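Peer 1: Need a 3D model of the sequence below.
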Amino acid sequence: MSGKLYDLPRRRSGCAAGTKRRSLFRDAVARLTALLRQYRLLYLSYRHEQAEAAVTHILALNSSIAGETSVSRALVAETILRLREKHPEASLTLRDLGEAPVAHLTPYTVAGVRGVPATDAELATQALSDTLIAELEQADILVIGAPMYNFSIPTSLRAWFDHVLRPRVTFSYSESGPQGLMMGKRAIVVETRGGLYSEGPSKAVDFQEPYLRQLLAFIGITDVTFIHAEKLGFGPEARELAVQSATTRIVEAVV
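Peer 2: Predicted coordinates:
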C-alpha cells in the first residue's frame with residue numbers, strides 16, 4: 001500500500017449548512033407573506049365590490065328629541081345624502097323615533113314580543129314588532145342617530161331595540177349560545193355627545209357605544225362604523241369643529 005495521502009472531499013460545515021437553510025426558510029416565508037398579502041387585497045376588493053352592489057335599501061333611525069337643533073339629525077341627513085350619492089338606486093326608509101316614538105313594553109304588551117300574544121294590546125305590539133323587523137330585514141345598511149342622554153342612548157331607541165330583539169326571529173339560542181339572524185348588514189352609528197367620552201377619564205362612563213355595539217352584534221350586525229361628534233357642549237367653536245370632524249368621518253365611511 002502506497003504511503004501517499006489522498007485528499008477526501010470535505011464535508012460542508014454544519015454551521016454553513018444551517019445558515020443556508022435559515023436563509024432559504026426566510027426567503028420562503030417572505031414570498032408566502034407577499035402572496036398572502038396579495039390574496040388579502042384581492043379578497044377585500046372583492047368584498048368591497050360585493051357590498052357596493054348589494055346596497056339596495058337604507059334604513060335610517062333618528063332618536064333625538066332636540067328637533068331642528070339636533071346635531072345627530074343633521075349628521076344622519078348627511079350620511080343619507082352621501083349614501084344615496086354612492087348608491088343612487090337605493091331606496092330609503094326613515095323612521096323618526098324622536099318625533100314618533102315606539103311605545104315602551106309594559107306588562108300588558110310584552111307578550112307581543114316575548115311570548116304568545118292573546119289580547120288586542122299584545123297582538124298590536126306583535127304587529128308593530130313585525131313591521132320594525134321587516135324594515136330592518138329589507139335594509140342593507142342601517143343608519144342610527146344616537147345622541148348621548150345620561151351617558152347612554154335615548155329611551156326611544158331602546159324601545160326600538162326592545163321590539164326588534166325578538167327570539168327565533170332576529171336571534172336564536174343553541175348549545176353554543178345566542179346566534180344573531182340579521183347577518184350580512186352594515187351599520188353606521190352617529191353618536192353625538194356634549195363632552196369627550198371616546199378617550200380620557202370619561203371613557204369609563206360611556207354606556208352608549210358599548211351598549212349599541214352589543215345590541216347590534218346580538219342580532220348579527222357586526223360590521224359597525226361609529227361616527228363621533230363630541231364636545232358639543234364646549235362652546236360654538238368646539239361644536240363647529242366637532243361637526244366638521246364628524247362630516248369628514250362620514251365621507252370616509254361611505255367611500
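Peer 1: what about Gly194, how many neighbours?
Peer 2: Gly194 has 14 neighbouring residues, counting by other Cβ atoms under 10 Å. All C-beta atoms are positioned from the backbone trio N, CA, C, and that covers glycine.
Peer 1: Quick check: it is in a helix.
Peer 2: No. Gly194: not assigned to a helix; according to DSSP: H, G, I helix; E, B strand; the rest coil it is coil.
Peer 1: For it, which residues are in contact?
Peer 2: Counting by Cβ atoms under 8 Å, 6 or more residues apart in numbering, Gly194 makes contact with 148, 231-233.
Peer 1: Strands of the stretch 1-150 of the chain, start to end?
Peer 2: Secondary structure of the stretch 1-150 of the chain, counting by DSSP state E, counting those that start in this stretch: strands at 57-62, 91-96, 141-147.
Peer 1: so of those strands, which one's packed in deepest?
Peer 2: strand 141-147 (a mean of 25; mean count of other Cβ atoms under 10 Å).
Peer 1: For ChimeraX, write the selection for the buried entries among the contacts of Gly194.
Peer 2: The buried residues among these can be selected in ChimeraX (16 or more other Cβ atoms under 10 Å) with this line:
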select :148,231,232
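Peer 1: And the furthest pair within the contacts of Gly194?
Peer 2: Pairwise distances across the contacts of Gly194 (Cβ to Cβ) peak at 11.8 Å, for the pair Met148 and Lys231.
Peer 1: Which residues are in contact with each of those two?
Peer 2: 193-194.
Peer 1: hmm, back to that, out of the strands of the stretch 1-150 of the chain, nearest to Ala28?
Peer 2: strand 141-147 (42.4 Å).
Peer 1: Which secondary structure elements does the following helix or strand past that closest one sit against?
Peer 2: Counting by DSSP states H and E, the next helix or strand C-terminal to strand 141-147 is helix 155-164. Counting contacts by 3 or more Cβ pairs under 8 Å, 6 or more residues apart in numbering; DSSP states H and E, helix 155-164 packs against helix 120-138.
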